[in-house]
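Asks: Here is a sequence together with a model predicted from it:
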Amino acid sequence: MSCDTECMKKFYIDQLLSIGIYKSLNKQLYELTLEDLEEIYNESQLNSLG
């Protein structure tokens, strides 16, 4: 079963909230595009490794 855009946005928002990220780019997470959320999530993963 594949997720649609809204499902993926919810996944990224939930992941970001769980690590304490509530806003980015001066916007609430729900206002961001899927691409923005994915980029922020990937950056947070890289930062947690380094």
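Replies: Happy to help now that I have it. This is a predicted model, so every value here is computed, not measured.
Asks: Quick one: mean pLDDT over stretch 18-36.
Replies: Summarised as a single mean, pLDDT over stretch 18-36 is 95.
Asks: Contacts for it next, please.
Replies: Thr5, Met8, Lys9, Tyr12, Ile13, Leu16, Leu17, Leu37, Ile40, Ser44, Ser48 (C-beta atoms under 8 Å, 6 or more residues apart in numbering). All C-beta atoms are positioned from the backbone trio N, CA, C, and that covers glycine.
Asks: now it, how far from the centre of its chain.
Replies: 6 Å (C-alpha atoms, centre = their mean, to the nearest Å).
Asks: Could you list the buried residues of that stretch?
Replies: Applying a neighbour-count criterion of 16 or more other C-beta atoms under 10 Å, one finds Ile21, Ser24, Leu29, Leu32, Asp36 buried in stretch 18-36.
Asks: Same question for stretch 5-18.
Replies: Judged by neighbour count (16+ other C-beta under 10 Å), stretch 5-18 contains these buried residues: Lys9, Tyr12, Ile13, Leu16.
Asks: The buried residues of stretch 18-36 in helices, which ones?
Replies: Assigned to helices by DSSP state H, the following of the buried residues of stretch 18-36 qualify: Asp36.
Asks: can the contacts of stretch 18-36 go into TSV with extra columns for secondary structure?
Replies: Listed next are those as TSV, based on DSSP: H, G, I helix; E, B strand; the rest coil:
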residue	secondary structure
Thr5	helix
Met8	helix
Lys9	helix
Tyr12	helix
Ile13	helix
Leu16	helix
Leu17	helix
Leu37	helix
Ile40	helix
Ser44	helix
Ser48	helix
